[in-house]
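**Q** pasting the sequence and the predicted coordinates here, then a few questions.
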Amino acid sequence: MTSKTEAIFWSIALPGFAQILNRKLLKGFVFIFLEFLINVNSNFNTAIMASFLGEIDRAVNIVNYQWLMFYPCVYMFAMWDAFKDAEGDRSPYSFFPFVFGAYFVTVGLMYSPVFKINGVLLGPIWLPILSLIPGLLVGYIIWMIIYFVKKNKK
């Protein structure tokens with residue numbers, strides 16, 4: 001069994017790696033397959049390169065948004081699954097940060113071709129990445145509120 005931290009970091013590296021470490025081979029290979037399928041069909045790596053090189057307009061034009069829209073949910077689900085399996089974590093509602101993270105990243109992706117900060121287009125890489133932070137925070141806050149409400153009812 002991997003630790004929660006190790007599972008999260010391996011899932012960040014490539015969805016499916018943590019599942020393989022936890023001996024959930026079929027699930028791990030399915031996540032790796034989905035990662036490659038979505039990545040290749042969405043031109044994601046090319047868009048990442050263009051974004052890091054400051055060619056945001058090129059990244060916007062090269063991305064296949066129909067394919068890339070699947071990526072946040074697969075990525076965050078693989079991370080949650082790895083987190084859940086690590087050390088036998090079965091905390092109720094522990095999925096909330098992952099779900100809201102996926103939701104906010106997806107919304108960020110939808111607005112990425114048009115959303116600008118100080119006149120600068122962030123594009124399909126930077127806006128979704130920045131959207132993850134409030135998504136995780138909202139999910140964590142909701143998780144904690146539910147946890148404390150249920151705890152105080154007992």
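**A** The structure has been received and is ready for your questions.

**Q** in the longest helix along the chain, what counts as buried?
**A** Using DSSP state H to assign secondary structure, the helix with the most residues in the chain is helix 123-153. Under the neighbour-count criterion of 16 or more other C-beta atoms under 10 Å, helix 123-153 has 123-128, 131-132, 135-136, 138-140, 143 buried. The C-beta positions use only the backbone N, C-alpha and C, and glycine is treated the same way.

**Q** which one of the residues you listed is nearest Asn45?
**A** The shortest approach to Asn45 among those belongs to Ile125, at 10.5 Å (C-beta to C-beta).

**Q** from memory the closest one sits against Ile48, does it?
**A** Yes - taking contact to mean C-beta atoms under 8 Å, the distance of 5.6 Å between Ile125 and Ile48 places them in contact.

**Q** from Phe95, how far off is Leu113?
**A** No, residue 113 isn't Leu; it's Pro. Pro113 sits at a distance of 29 Å from Phe95 (criterion: C-beta to C-beta, to the nearest Å).

**Q** same check on Ala50?
**A** In this structure, Ala50 and Phe95 are 33 Å apart, going by C-beta to C-beta.

**Q** show me the contacts for Phe13.
**A** That one is not Phe; residue 13 is Ala. When contacts are counted by C-beta atoms under 8 Å, 6 or more residues apart in numbering, Ala13 touches no other residue.

**Q** ok, Ser131 - contacts?
**A** Each residue near Ser131 by C-beta under 8 Å, 6+ apart is listed here: Phe104, Val105, Val107, Gly108, Leu109.
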